[in-house]
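Enquirer: sequence unknown, structure follows:
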C-alpha cells in the first residue's frame, strides 16, 4: 500500500493523510510528463501554406506573398528554400525582415515567411505559375503561387528637340517647352509636375496636372520660369520632375543666365566714368 510504504510512521488524521497522498500523486505525475520527450501527434503533418496565392501587379512592382511553414515532425529540421523562376526574374525569402535561403525550424513549430518576386522589366502580361520548394531531411514541401503581370508603368520627360539647356536674361521670364510621354503599357492617372530650382527662382506649369496619360501618348507642357532681377550671369542647374503614384521621371536642365543689354551698357558707362574721373584727377593734381 502507498501510504504504508511512504509513511510507515506517519501518524495523522486520515483526511489529512489522503490529501498528502493526492498531492504526491499529482507532483510525481507532472514530473513524469516533463521528463518525457516532446512528440508530435501520430497524425501530425508538416505543411507549407500561403494566405493569398494569386497576386496581380505591374512589372515594375514587387509581388509579395505571406506564407507559413510548419514542421509537423518530432524533431528539428533545416528547410532549404528554392524556386525556379523565368529568366530575368528575381525571388527572395524573408523572415522577420531578413533575407534567408534556409530555415532551422524546431519540432511542431511554425514560421511566417515573406516571399518577394520581381518580374523581368520586359515580362509580357500573363499569368505565371511559380512553385516554391521547402526541402529538409525529414520531408519536402511545395507551394504553388501565381503572379499575374498586367503590364508596366513608365513615363519620360524631355523636350521636343531633346535639348536640355536654354538661355534666359536676368530679371525676365522664360518659357521652356517640355514633353511628358507614357512609355509603359498601362495608363497613368493624376500626373503632376514639379521643379527644383536655384534659390528665389519660381516656376509654374501649363497644364499643372495631367488627369490621364494613355500608353504611348504624349502631352506638351510649358514651364514658365521666372529668374530674379540682379541674378549673376552664369550656368545654373534646374530639375523638372513628372510623377504619379506608379512612376516618375526627371529632366536635368542647364539654364544659362545672361545680363540684359541695358545692364551691359550701364556697366560700360560706369567703367568709362571711372576711367574719366581718374584721368581728370591725374591731370589736375598730377603736376603738383
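Expert: Great, that's in hand. Remember, it's a predicted structure, so these values are computed and weren't measured experimentally.
Enquirer: name the element residue 278 belongs to?
Expert: Residue 278 belongs to helix 261-285 when assigned by DSSP states H and E.
Enquirer: mean confidence for that helix?
Expert: For helix 261-285, mean pLDDT rounds to 66.
Enquirer: And the contacts of stretch 85-101?
Expert: The contact list for stretch 85-101 (C-beta atoms under 8 Å, 6 or more residues apart in numbering) reads 80-81, 83, 103, 111-123, 128, 130, 132. (Each C-beta comes from the backbone N, C-alpha and C, glycine too.)
Enquirer: Would you mind giving me the PyMOL syntax to select the buried ones in those residues?
Expert: Remark: buried members of these, expressed as a PyMOL selection using 16 or more other C-beta atoms under 10 Å:
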select buried, resi 81+83+103+111+113+114+115+117+118+119+123+128+130+132
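Enquirer: Sort out for me which of the contacts of stretch 85-101 are in helices.
Expert: Nothing among the contacts of stretch 85-101 maps onto helices, per DSSP state H.
Enquirer: Now do the phi/psi pair for the closest residue to residue 236 other than its chain neighbours.
Expert: Of all residues not flanking residue 236 in the chain, residue 255 sits nearest, at 4.5 Å (C-beta to C-beta, 6 or more residues apart in numbering). Here is the backbone geometry of residue 255 (degrees, to the nearest 10): phi -110, psi 120.
Enquirer: Quick one: residues contacting residue 255.
Expert: 165, 166, 167, 168, 174, 225, 227, 235, 236, 237, 238.
Enquirer: Can you tell me which of those residues lies closest to residue 151?
Expert: Nearest to residue 151 among these is residue 238, at 32.4 Å by C-beta to C-beta.
Enquirer: coming back round to it: beta partners for the residue nearest to residue 236?
Expert: Counting by DSSP bridges, residue 255 is bridged to residue 166, residue 236.
Enquirer: cool, and residue 251?
Expert: Beta-bridge partners recorded for residue 251 (DSSP bridges): residue 240.
Enquirer: My read is that it contacts residue 155, right?
Expert: No: contact between residue 251 and residue 155 fails when scored by C-beta atoms under 8 Å: they sit 11.1 Å apart.
Enquirer: follow-up on the earlier one: could you dump the contacts of residue 255 into JSON lines with neighbour count added?
Expert: Formatted as JSON lines, the contacts of residue 255 follow (neighbours: other C-beta atoms under 10 Å):
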{"residue": "165", "neighbour count": "12"}
{"residue": "166", "neighbour count": "16"}
{"residue": "167", "neighbour count": "10"}
{"residue": "168", "neighbour count": "20"}
{"residue": "174", "neighbour count": "16"}
{"residue": "225", "neighbour count": "22"}
{"residue": "227", "neighbour count": "21"}
{"residue": "235", "neighbour count": "9"}
{"residue": "236", "neighbour count": "16"}
{"residue": "237", "neighbour count": "11"}
{"residue": "238", "neighbour count": "20"}
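Enquirer: Can you tell me which of those lies closest to residue 202?
Expert: Distance to residue 202 across the contacts of residue 255 (C-beta to C-beta) is lowest for residue 225, with 7.6 Å.
Enquirer: three-state assignment of that closest one?
Expert: Following DSSP: H, G, I helix; E, B strand; the rest coil, residue 225 is assigned to strand.
Enquirer: Verify the contact between it and residue 201 for me.
Expert: Yes: if you go by C-beta under 8 Å, residue 225 and residue 201 touch, sitting 7.0 Å apart.
Enquirer: which neighbours do these two share?
Expert: residue 238.
Enquirer: What segments of the stretch 1-150 of the chain are helices?
Expert: In the stretch 1-150 of the chain, the segments counted as helices under DSSP state H, counting those that start in this stretch are 2-6, 14-35.
Enquirer: Comparing these by mean pLDDT, which bottoms out?
Expert: Among the helices of the stretch 1-150 of the chain, helix 2-6 carries the lowest mean pLDDT, at a mean of 45.
Enquirer: check contacts around residue 214.
Expert: Residue 214 is in contact with 182, 187, counting by C-beta under 8 Å, 6+ apart.
Enquirer: swap that for residue 118, please
Expert: Applying C-beta under 8 Å, 6+ apart to residue 118 gives the contacts 62, 63, 89, 90, 91.
Enquirer: Show me the shaky parts of the protein.
Expert: The model of the chain has pLDDT under 70 over residues 1-44, 260-270, 279-280, 283-284, 286-288.
Enquirer: Could you chop it up by domain?
Expert: Here the domain parsing of the chain from automatic domain parsing is 47-149, 155-261.
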